[in-house]
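Novice: sequence first, predicted model second:
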Amino acid sequence: MEQENRNTSPALSLEALKEAFQGYKEKGLSLDMSRGKPAPDQLDLSLDMTTILTKDDFENAGTDVRNYGLLDGLPEMKALFADILEVEPDEVFVGGNSSLNLMYDTVQKGMQFGFPGGEKPWKDLPSVKFLCPVPGYDRHFAITEAFGIEMINIPMDENGPDMDLVRQYAESDPSVKGIWCVPKYSNPSGITYSDETVRQFAALKPAAKDFRIFWDNAYCVHHLSDTPDQLLNLMAECKKLGSEDMVMMFTSTSKISFSGAGVAAFACSKTNMDYLKKLISFQTIGFDKINQLRHLKFFKNKDGITEHMKKHRALIEPKFDLTLSILEKELTGIARWHKPNGGYFIAVDVPKGCAKRTVALCKEAGVVLTGAGATFPYGKDPNDENIRLAPTYPDLDSLKQAMEIFCLCVKLAAAEKKNA
């Protein structure tokens, strides 16, 4: 999982590091690697989508997409997401532009109304807990914290979450109601869950009958190589064991088309779908079907998305290569990281006790990073070592500068700690 070679860059004294740091500070730079945003040239790839529809498209769509109706989305859009998630079209609900919104909404429904199999809404229980693989996605943790749900750290390795620990908590404690997962090119570490990990998820026998696996498959088509990671189909594995009611899958086109104007979807069992559709029908008569039609005409099918993602790869792969090459040159033997085969992030474990100081030093030198601790519940990294890098948004020149500053700040923070 981690880069483990010897450091080939010459070691610098604390004073030399401070001098180099001061030189960067005096440049007055303003560089941002804090969020995994597509760069403008990536967004330009989908620009034709904004003008793709004609009057004929509305008349031939099979339904008037400008009007009310089709709560769960256009049938063709359901079929497209079914191909992406490897489920059946009737197991797909197409929502608005944000999978994060769908996940928040699903947790809220658990709190307010409960889920099939449960005895009462979660808000009426004395305690509600979620398992949180770490390092993980900060916005998942923000959702659970917003609802007052207790979060439990689950360590990750190159195979995914520690499944012995997942099983121990889920199968012994009925207050454990869910787990957050980014199973492919995980945010932020970039690993993909092993087949055995997926099978162990399917075989869980939770103490809570309304336990749900929140399977955020955000990066399922975001490859960075010709040999992409393969993720075993959780829904198919659960169906073999009759445990499909545990699964709530989420994805979107947010980093495929437009981050702020994509299409999101969730997939689940018939039991969950019937229940959730009824609740959603009280919220809305339907989501944006014009946007769904726009996406359908632009991409056509899964093959169209596959070809489109090759264009994204051509733009961002050089940024990942540059980031990794600088890490290897400057921090091998000092820090640890996994070389991702896809996704949007690289997680770097700096020397223990140095993450917060590194991020603060970077800010002083004009580089904004995701806050230290953000990849852990409550913003508390117990080892103060994990930092998430987001290489996609800056141009190559800015990225090179930002990475040089980052590596210098890691070394300076480590030297300060050693000399303290």
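Specialist: That came in fine, so what should we check first?
Novice: list the buried ones in the longest strand seen in the chain?
Specialist: Taking DSSP state E as the assignment, the strand of the chain that covers the most residues is strand 150-157. Neighbour-count burial for strand 150-157, counted by 16 or more other Cβ atoms under 10 Å, picks out Met151, Ile152, Asn153, Ile154, Met156. Every residue, glycine included, has its C-beta placed from N, CA and C.
Novice: for that strand, packing partners?
Specialist: Applying 3 or more Cβ pairs under 8 Å, 6 or more residues apart in numbering; DSSP states H and E, one finds that strand 150-157 contacts strand 129-134, helix 138-146, helix 163-172.
Novice: nearest to Leu234, out of these?
Specialist: For the helices and strands packed on strand 150-157, the distance to Leu234 is smallest for helix 163-172, at 13.1 Å, taking Cβ to Cβ.
Novice: what sits up against the closest one?
Specialist: 129, 131, 152, 154-155, 176, 179, 197, 200-201, 204-208, 211 (Cβ atoms under 8 Å, 6 or more residues apart in numbering).
Novice: which stretches in the stretch 151-300 of the chain count as strands?
Specialist: 160-161, 176-181, 212-216, 247-252, 264-268 (DSSP state E, counting those that start in this stretch).
Novice: partners of the last one, with directions?
Specialist: Just to be clear, that refers to strand 264-268. strand 92-94 (antiparallel), strand 247-252 (antiparallel) (DSSP bridges).
Novice: also the first one?
Specialist: Sheet partners assigned to strand 160-161 using DSSP bridges are listed as strand 150-157 (antiparallel).
Novice: just the angle between the partner strand and helix 163-172, please?
Specialist: 150 degrees (axes from the mean of the first three to the mean of the last three Cα atoms, to 10 degrees).
Novice: what average pLDDT does strand 150-157 get?
Specialist: Strand 150-157 carries an average pLDDT of 98.
Novice: let me know the angle separating the longest strand of the chain from strand 129-134.
Specialist: Using the same axes, to 10 degrees, strand 150-157 lies at 30 degrees relative to strand 129-134.
Novice: show residues contacting strand 150-157.
Specialist: So strand 150-157 is contacted by 1, 127-136, 141, 144-145, 161-162, 165-166, 169, 176, 179, 186, 189, 191, 376-378, 382 (Cβ under 8 Å, 6+ apart).
Novice: the residues you listed, buried ones only, as a PyMOL selection?
Specialist: Of those, the buried ones can be selected in PyMOL as follows, counting by 16+ other Cβ under 10 Å:
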select buried, resi 128+129+130+131+132+133+134+135+136+141+144+161+162+166+169+176+179+186+189+191+376+377
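Novice: thinking again about what came up before, adding distance to Leu293, write the buried residues of strand 150-157 out as TSV.
Specialist: Listed next are those as TSV, based on distance: Cβ to Cβ, whole Å:
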residue	distance to Leu293
Met151	39
Ile152	42
Asn153	43
Ile154	41
Met156	39
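Novice: show me where pLDDT drops low in this protein?
Specialist: 1-10 (pLDDT under 70).
Novice: residue ranges of the helices in it, please?
Specialist: Taking DSSP state H, the helices of the chain run over residues 14-25, 40-44, 55-59, 75-85, 99-112, 138-146, 163-172, 195-202, 234-241, 270-280, 289-299, 302-331, 355-364, 396-419.
Novice: closest to Phe250 out of these?
Specialist: Using Cβ to Cβ, the helices of the chain put helix 99-112 closest to Phe250, at 4.5 Å.
Novice: which other helices and strands does that closest one contact?
Specialist: So helix 99-112, by 3+ Cβ pairs under 8 Å, 6+ apart, packs with helix 138-146, strand 176-181, strand 212-216, strand 247-252, strand 264-268, helix 270-280.
Novice: how is the protein divided into domains?
Specialist: The record's domain parsing of the chain by automatic domain parsing lists 14-33+306-419, 53-300.
Novice: so for Ala39, which of those sits nearest?
Specialist: domain 14-33+306-419 (5.2 Å).
Novice: ok so, going back, pipe the domains of the chain into TSV and attach distance to Ala39 per row.
Specialist: Below are the domains of the chain laid out as TSV (distance: least, Cβ to Cβ, whole Å):
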stretch	distance to Ala39
domain 14-33+306-419	5
domain 53-300	11
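Novice: tell me, what residue is most central in this structure?
Specialist: Nearest to the mean C-alpha position of the chain, by Cα atoms, centre = their mean, lies Asn187 at 4.5 Å.
Novice: now do the contacts for that residue.
Specialist: Gly36, Gly136, Tyr137, Ala218, Tyr219, Gly343, Tyr344, Phe345, Arg388.
Novice: how far away is it from Tyr169?
Specialist: Distance, Asn187 to Tyr169, using Cβ to Cβ, to the nearest Å: 22 Å.
Novice: for Pro38, same thing?
Specialist: Using Cβ to Cβ, which is the criterion applied here, Pro38 is 36 Å from Tyr169.
Novice: give me the beta-bridge partners of the closest residue to Asp72 other than its chain neighbours?
Specialist: Spatial nearest neighbour of Asp72, excluding adjacent residues (Cβ to Cβ, 6 or more residues apart in numbering): Phe93 at 4.7 Å. Residues in a beta bridge with Phe93, per DSSP bridges, are Phe266.
Novice: can I assume Phe93 is in contact with Gly73?
Specialist: Yes: if you go by Cβ atoms under 8 Å, Phe93 and Gly73 touch, sitting 6.7 Å apart.
Novice: number of residues surrounding the residue nearest to Asp72?
Specialist: For Phe93, the count of nearby residues is 22 (other Cβ atoms under 10 Å).
Novice: give me every residue that touches it.
Specialist: Asp72, Gly73, Lys78, Ala265, Phe266, Ala267, Cys268, Met273, Leu276, Lys277, Ile280.
Novice: hmm, 7 Å instead?
Specialist: Asp72, Gly73, Ala265, Phe266, Met273, Leu276, Lys277 (Cβ atoms under 7 Å, 6 or more residues apart in numbering).
Novice: just the buried ones from the residues you listed?
Specialist: So, by 16+ other Cβ under 10 Å, the buried ones in these are Asp72, Gly73, Ala265, Phe266, Met273, Leu276.
Novice: my read is that the fourth one contacts Met103, right?
Specialist: No: the pair Phe266 and Met103 does not pass the contact test of Cβ atoms under 7 Å, sitting 8.1 Å apart.
Novice: what touches both of these two?
Specialist: With Cβ under 7 Å, 6+ apart as the test, Phe266 and Met103 both reach Phe250.
Novice: thank you kindly, that will do.
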